[in-house]
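A.B. asks: got a sequence here, can you build the structure:
(chains A and B)
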There are 2 protein chains.
Amino acid sequence: MARKRATVPLTIKQVADYLGVAQSSVSRALNDHPDVSDGMKERVRQATHELGYELDYLAQSLRRGATKTVGFVLRDISNPLFADLVIGAGKRLDEAGYSLVLMNSAQDPEQDVGHINLFRRRRVDGLILSLQSENQPGLTELVASLTFPIVLVDRELPKVNAASVVVDSYSGMKRAVQHLITLGHRRIGFVSGSPDLLTTRERLRGYRAALQANGVTEEPDLLRLKSYDQPFGYEQSLDLLRGPAAPTAIIVGGTRLLAGTLAACRQAGVQVGPDVSVVTWDETELMPYLEPAISVILRHPLEMGRLAADLLLEQLEHAADPRTVTVATEYIPRATSMPCRST
Amino acid sequence: MARKRATVPLTIKQVADYLGVAQSSVSRALNDHPDVSDGMKERVRQATHELGYELDYLAQSLRRGATKTVGFVLRDISNPLFADLVIGAGKRLDEAGYSLVLMNSAQDPEQDVGHINLFRRRRVDGLILSLQSENQPGLTELVASLTFPIVLVDRELPKVNAASVVVDSYSGMKRAVQHLITLGHRRIGFVSGSPDLLTTRERLRGYRAALQANGVTEEPDLLRLKSYDQPFGYEQSLDLLRGPAAPTAIIVGGTRLLAGTLAACRQAGVQVGPDVSVVTWDETELMPYLEPAISVILRHPLEMGRLAADLLLEQLEHAADPRTVTVATEYIPRATSMPCRST
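C.D. replies: Just a heads-up that it's a prediction; the model follows:
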């Protein structure tokens, strides 16, 4: 096993299989036989060229031990945050001579595993992982078995020796909740992704720290933590607003959740701002044109992407040890952080 | 050349190069020499496994002539339209057992060419191309030289035998302009991407058809066709609104342009709706919450993505000829399509 000698010769059979023609046709084409059409000769010539080129490329990659390609597993391309992450990472990697190749997991944690396997099989020099779940069976073992550098984006895999870009979700959340409490709010809803994710756990930790610092008792029913999708934001916000002890403020975990929450407020006949304060994570291009202007907690996705690339490059080019970098967050109160009318 | 025989043997030297250690270390590790640490033995074992696995994978791909991988070149991931395109195509390809791998060109047509080359080198079974420009030097030749199926997304490369998903931009634009003319508008601005793209040419054709059908003279200064970016939308809209013959309506080509146009209206002290009608291409999750509600022309990106995958799969699995499919558009007038106050 250890002395295994794999050989990939470019044979007439392989060219024939590649083209789906008989071996004799390939052989005659290569010998410029008059019975073979010019079209077939051209196809054989091109296939031989393509396959040979590819094998040369692989041989070269093996020699220098690098493909100059980095993979990026995106848990959900429909989250606008990821565009900036990709742009930030792509720009930095491009400057360093690396190509960035993406795969979208469409919110399916099984796809995360499949995509990591594909990137391994197809050989990348490193991987950036924005995972859908930290608890997918087989995930930790798979990532731990990789022999190239890895950067996690706001995720925690305790048994894996990987670099991480971590968002300071704790501070952003704590500041927003503290501000709402100062404005008189006590029942503050929180609608966001699953506590399966470091992101959610850190936000929750900030939420609780602010409550505790102000002697406010946590009400478990105000926490709706399962998904970043618009329908989830709608259903949970509506349920909260129509419940017996409706929140006077809601913090939502992302842009699509926000769209759901705004729809729920309309449906419940509740005015965003005067009737219920709303704070959202992340900003998209149209947010500045919503009336009233929505309070926001920003994490800086371009910067996060750039840092992810940096953490990968320092391992690839300078054999640095993997390390964790924390990205600051910013709470920007706007018109939808209003004094509480009923407490 | 034609009989070239490429060979990729897995040698002790390659394993040593891959690990960055001396050949003698690899040799001793393979012979279970007592002087070699267990860590080194494990690293050699793993590298041999990885490299052997990879060569097996390549050999297998060559044998069956397929990698079950499709590449997608995205001209600009920051355009929210592309998330749905990717999701639509990815779902369909996944059902058919193919993986979708993405590369983002970050609005740089040179990157389009680089990415196509990388996908060719790394072997994909097919490519979906959303190109930044149809006129990038070398592009047509490169795409024409590919030996696997290609699907263009709303682009035209006359010398290339590729399938296409084409948006019926003509009809959507014509309907919107016709409606604005019915409302009394004569000076209708149009801010969008470059006429380098089929998308823009078809929109322009629809714009002109509606003007002509109503005997309205085209004013070249009202056409601002160069980019889909927010700053371009802002600058051009502001310039139009402050010009000597300001438009009474503006049609903008996408979500980021819309954000720029809305900013320009604020800056110019012009009320969107009453003072200037606004129609935009494409909808994002927050658009329904803008006041007043913005008129929109929809193209159906999930459906476009699904169709792109279908057109690729019918070539891959049924050896179908490449063909062109047109996707309908829809004009939805809302509060920002208002009667013209001054003509």
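
A.B. asks: count the neighbours of the closest residue to A:A22 other than its chain neighbours for me.
C.D. replies: The spatially closest residue to A:A22, leaving aside those adjacent along the chain, is A:A16, at 6.3 Å (Cβ to Cβ, 6 or more residues apart in numbering or on different chains). Placement of C-beta: from N, CA and C, glycine included. Look at A:A16: counted by other Cβ atoms under 10 Å in any protein chain shown, it has 20 neighbours.

A.B. asks: ok so A:A16 is a helix residue?
C.D. replies: Yes. Assessed by DSSP: H, G, I helix; E, B strand; the rest coil, A:A16 belongs to a helix.

A.B. asks: so after the helix or strand of chain A with the lowest mean pLDDT, what's the next helix or strand?
C.D. replies: Using mean pLDDT, DSSP states H and E, the weakest-scoring helix or strand in chain A turns out to be helix A:38-64, at a mean of 67. Sequence-wise, the next helix or strand downstream of helix A:38-64 (DSSP states H and E) is strand A:69-74.

A.B. asks: hey, where'd the strands end up in the stretch 151-300 of chain A?
C.D. replies: A:163-167, A:188-193, A:223-226, A:249-252, A:277-281, A:295-299 (DSSP state E, counting those that start in this stretch).

A.B. asks: got those as TSV, with distance to chain B, mean neighbour count and mean pLDDT columns?
C.D. replies: As requested, the strands of the stretch 151-300 of chain A are exported to TSV (distance: least, Cβ to the nearest Cβ, whole Å; neighbours: other Cβ atoms under 10 Å in any protein chain shown; pLDDT from 0 to 100):
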stretch	distance to chain B	mean neighbour count	mean pLDDT
strand A:163-167	18	23	97
strand A:188-193	15	26	98
strand A:223-226	18	18	98
strand A:249-252	12	28	98
strand A:277-281	10	27	98
strand A:295-299	12	21	97
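
A.B. asks: any chance of these in CSV, with distance to B:R45 too?
C.D. replies: Converted to CSV, these look like this (distance: least, Cβ to Cβ, whole Å):
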stretch, distance to B:R45
strand A:163-167, 25
strand A:188-193, 39
strand A:223-226, 42
strand A:249-252, 49
strand A:277-281, 45
strand A:295-299, 41
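
A.B. asks: so which of those gets nearest B:A319?
C.D. replies: Of all the strands of the stretch 151-300 of chain A, it is strand A:188-193 that lies closest to B:A319, at 44.0 Å by Cβ to Cβ.

A.B. asks: orientation of that closest one relative to strand A:277-281 in degrees?
C.D. replies: 30 degrees (axes from the mean of the first three to the mean of the last three Cα atoms, to 10 degrees).

A.B. asks: which elements pack onto strand A:188-193?
C.D. replies: Counting by 3 or more Cβ pairs under 8 Å, 6 or more residues apart in numbering or on different chains; DSSP states H and E, the packing neighbours recorded for strand A:188-193 are helix A:169-182, helix A:198-213, strand A:223-226, helix A:230-242, strand A:249-252, helix A:255-268.

A.B. asks: buried deepest among those, which one?
C.D. replies: Highest mean neighbour count among these (mean count of other Cβ atoms under 10 Å in any protein chain shown): strand A:249-252, with a mean of 28.

A.B. asks: name the surrounding residues that touch that one.
C.D. replies: With contact meaning Cβ atoms under 8 Å, 6 or more residues apart in numbering or on different chains, strand A:249-252 is reached by A:173, A:176-177, A:180, A:183, A:185, A:187-192, A:207, A:233, A:237, A:240, A:258, A:260-261, A:276-281, A:297, A:337, A:340.

A.B. asks: where are the low-confidence patches of the stretch 51-200 of chain A?
C.D. replies: The stretch 51-200 of chain A contains residues with pLDDT under 70 at A:51-65.

A.B. asks: if you set the cut-off to 80 instead, what comes out?
C.D. replies: Scanning the stretch 51-200 of chain A with the threshold set as pLDDT under 80 gives A:51-66.

A.B. asks: dump the residue contacts of the closest residue in space to A:R201 that isn't next to it in sequence.
C.D. replies: Excluding the flanking residues, the one nearest A:R201 by Cβ to Cβ, 6+ apart is A:P195, at 5.5 Å. Going by Cβ under 8 Å, 6+ apart, A:P195 touches A:201, A:204, A:225.
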